[in-house]
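*Asks:* Fold the following, please.
(2 chains)
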Amino acid sequence: MSEYPITDSDQEEAPIEPMLLPLNGWHRDQGGRMVEFAGYMMPVQYDVAGGGIMAEHLWTRENAGLFDVSHMGQLLVTGEEDAQTDIEPALEAALPIDLSTLKLGAVRYSLLLDENGGILDDLMVSRWPGGFYIVVNGATKWDDIGTLREYLPDDVTLNHLDDRALLALQGPKAFAALERVAEGEYPLSALTFMKGGRFTLGGVDAWISRSGYTGEDGFEISIPGEAAATVADLLLAQPEVKPIGLGARDSLRLEAGLPLYGHDMDPERGPVEAGLAFGVNKRRRLEGGFPGAERVQRDFAEGTAQKRIGLKLDGRQAAREGAKVFHGEQEVGVVTSGGFSPSLQHPIAMAYVDAAVAADGTALSIEIRGKKLDAIVAAMPFVPNRYHR
Amino acid sequence: MTRYFSQEHEWIEIEGDLGTVGITDYAQGQLGDITFVDLPEAGATFGKGDSVAVVDSVKAASDVYTPVSGAIAEANGALADEPELVNTQAETGGWLFRITLSKASELGALMDEAAYKQYVESL
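*Replies:* Residues are numbered from 1 along each chain as shown, chains lettered A, B, ... in the order given. Model (predicted):
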């Protein structure tokens, strides 16, 4: 047998010797099956009773899953004390985000675009006291740092917080589990979706935001790397919590309709066709003044040739990245992510297709190993989001 | 009946000129939860090493190669509704297809159970 890995494009960019993250040993102790991903050794699943992608996926949808996402880049943009006001225009020159409406503690999704409006990465920006905290994808973080530094003046500092770990606790019982151990100036319930604040977990300082990549209520937790195992142990000791690997992270985000960088978006695609126009805030879209503004404004006005859509398939055979999509005999697009949905028990996929056949309910087909399988354009998310707004 | 194993983690059990082929328990463990199996049509002929079936897991799709040349006699119809049999009964009820051998001498290149066990331990 030979396997087609789902992470091939990430592996191409990875250095020869994978790096180890703070929880490497912790994952092995939990039975994690370690694979190379984005240049790091990461658990794809846990080989224990109740482990495996399917079980981990369903556990997260019903309870709380603990994910290690320390491969992602955590960045902090700060200014010298008298240069606070320079940070915002500098960051707005780099990102199509409206920082004037981003309140202290708030988290917002944005995009890093190239000069042609192609997507270099997607990211999360939070306003912290004294600066902006940005989380970017693991495989792209080195390029992102270089790109962002080009835009930032000398008195604005971009720090890569590579001494920090990042955990995600996701699922309908994530709040109950985390509330039991989180201490802060205000209760954890003060955080609603896309809000963050400082807490301590077992005495460890943590920046916690109510956000995630599963479609569930949940939290992302930034902590010092040397304390990561302490915090992971504390969370795992809660009865609602099990460790969840990258495999279920991928199937959960696919059900939630959330695109994955390098697969469902890349420099060939712009924010409008990717369905990520909300990553370009309205004032910025109207005023321009960010990389790729011309293309984004044109796409908004004129529409795009293709659109990112969801597809539901009958039967059990999954469509994978790269499979061609047809409308009758005509090739109309390509699958960018696909798999069997553990929650829905049928295959789902994301694809880019011609705008004329992108409407929900349109009957298409996907070519898999020489056969054409029926597929229907379906609204995303495939599984309803349960964010705590 | 004699059972042989391939380096690609297929097993084949021989009865006369008929071989029953599946993936090993080690292989199913590596693949994880199996959600679909794409099986060959009866009558189709293949050469040794050809991709004959595809096993889909939540994570990925994997080719299954035939360890011998021959014609497909039968595919395991039970897998259409219960692909998870490949996980739970990889080396028994989760067999994939039966093939009528056209070159029995090809079996000589395969491993016996002890050699396969040693091979897996070396991985």
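*Asks:* In contact with the closest residue to A:G184 other than its chain neighbours: list those residues for me.
*Replies:* Nearest non-adjacent residue to A:G184, counting by C-beta to C-beta, 6 or more residues apart in numbering or on different chains: A:F199, 3.9 Å away. C-beta: built from backbone N, CA, C; applies to glycine. Listed by C-beta atoms under 8 Å, 6 or more residues apart in numbering or on different chains, the contact set of A:F199 reads A:182-184, A:188, A:206, A:208.
*Asks:* same check, this time on B:A73
*Replies:* Counted by C-beta under 8 Å, 6+ apart, B:A73 has contacts B:18, B:42, B:97-100.
*Asks:* now do A:G247
*Replies:* So, once contact is read as C-beta under 8 Å, 6+ apart, A:G247 ends up touching A:44-45, A:53, A:56, B:32, B:58-59.
*Asks:* same thing but at 6 Å, please
*Replies:* Residues in contact with A:G247 (C-beta atoms under 6 Å, 6 or more residues apart in numbering or on different chains) are A:44-45, A:53, B:59.
*Asks:* For these, give me CSV that also has pLDDT, distance to A:G25 and neighbour count.
*Replies:* Shown next, in CSV, are the contacts of A:G247 (pLDDT from 0 to 100; distance: C-beta to C-beta, whole Å; neighbours: other C-beta atoms under 10 Å in any protein chain shown):
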residue, pLDDT, distance to A:G25, neighbour count
A:V44, 96, 17, 23
A:Q45, 97, 17, 26
A:I53, 96, 22, 28
B:K59, 81, 24, 27
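*Asks:* Can you add secondary structure and distance to A:L252 and give those residues back as CSV?
*Replies:* CSV is the format used below for these (DSSP: H, G, I helix; E, B strand; the rest coil; distance: C-beta to C-beta, whole Å):
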residue, secondary structure, distance to A:L252
A:V44, strand, 14
A:Q45, strand, 13
A:I53, helix, 10
B:K59, coil, 13
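*Asks:* What are the buried residues along the helix or strand containing the residue nearest to A:G184?
*Replies:* Using DSSP states H and E, A:F199 sits in strand A:196-201. Using 16 or more other C-beta atoms under 10 Å in any protein chain shown as the test for burial, strand A:196-201 gives A:196-197, A:199, A:201.
*Asks:* which other helices and strands contact the helix or strand where A:L91 lies?
*Replies:* Assigned by DSSP H and E, A:L91 belongs to helix A:84-94. Here helix A:84-94 touches helix A:141-151, strand A:156-160, going by 3 or more C-beta pairs under 6 Å, 6 or more residues apart in numbering or on different chains; DSSP states H and E.
*Asks:* Name every strand pairing with the last one and say which way it goes.
*Replies:* Yep, that's strand A:156-160 we're talking about. The strands beside strand A:156-160 in its sheet (DSSP bridges) come out as strand A:73-79 (antiparallel).
*Asks:* contact partners of the partner strand?
*Replies:* Under C-beta under 6 Å, 6+ apart, the answer for strand A:73-79 is A:86-87, A:130-136, A:141, A:156-161, A:164.
*Asks:* for the spatially most central residue of chain B, what are its contacts?
*Replies:* What sits nearest the mean C-alpha location of chain B, by C-alpha atoms, centre = their mean, is B:G22, with 2.6 Å. Shown in contact with B:G22 (C-beta under 6 Å, 6+ apart): B:11, B:94-96.
*Asks:* Buried among the residues you listed? Make that a PyMOL selection.
*Replies:* Entered in PyMOL, the line below selects the buried ones among these, by 16+ other C-beta under 10 Å:
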select buried, chain B and resi 11+94+95+96
